[in-house]
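S.K.: Here is a sequence with its predicted model. Questions after.
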Amino acid sequence: MRTSIIITTLLFFFQVYAQKCVHSNLSKEYDFKTSLIRETKNNELSNECEVVINIINKTTKTGQIIKFHSDWMLNGDYKDCKTVRSYTTKFNHKAVAQDNDFGDLIIADFNFDEKDDIAIKAESGGNGGPLYKFYLQENNKNFVEDKYLSNIVTFFPVDINAKSKTLKTKVYANAYEQQETIYKANKINGNWKIISQRLIK
């Protein structure tokens, strides 16, 4: 009797809540399945969760799984399957990004090599907006995290300029100004550097 009470208590304390979406309209080459596995403690949703992205090649049906832990994901994130966008297929690409939130999953060509890349919401963030992890597609069709984009750029760019090969972010620096930063990709080695940074009102 005592054992069953303990087990019941533990199950009540630690449960898993999953949100799942399937996206077939973000890429001409890939389908995406997103899962947010959120812990609940004491019957309340936790902000900690595991993000899982299943990438499936439309032709070969082979796939890749991207999985990472998030320390801070608010309840509204990954809840609506429509909060995604694609600059490849133009799905939702002109949707208004309120509070710098461009969506849970975004498909675009971030390094200007004419291949689909992925930005995945990694943290809900603060007043600057959500933080993203960026995965670039290699020649073997594997998606590999770009540490510079994920750890330095972190915010989704408000402008992706294929002509100048630059990404531009705008993030609130204080109550009155935004910090605009422009990053440029090196065509030869693929490395990034900041070429412009300023405060704007």
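M.R.: The structure has been received and is ready for your questions.

S.K.: From residue 201, how far off is residue 139?
M.R.: 43 Å (Cβ to Cβ, to the nearest Å). C-beta: built from backbone N, CA, C; applies to glycine.

S.K.: Correct me if wrong: residue 64 contacts residue 143.
M.R.: Yes - at 6.1 Å, residue 64 counts as touching residue 143 under the criterion of Cβ atoms under 8 Å.

S.K.: And what about residue 90, helix, strand or coil?
M.R.: coil (DSSP: H, G, I helix; E, B strand; the rest coil).

S.K.: So for it, what pLDDT did the model give?
M.R.: pLDDT for residue 90: 97.

S.K.: residues in contact with the most centrally placed residue in the chain?
M.R.: Nearest to the geometric centre of the chain sits residue 120, at 1.5 Å (Cα atoms, centre = their mean). Taking Cβ atoms under 8 Å, 6 or more residues apart in numbering, we find residue 120 in contact with 51, 53, 66, 104-105, 132-135.

S.K.: try it again with 10 Å
M.R.: 32, 34, 51-53, 66, 68, 70, 78, 103-106, 132-135, 143, 145, 150 (Cβ atoms under 10 Å, 6 or more residues apart in numbering).
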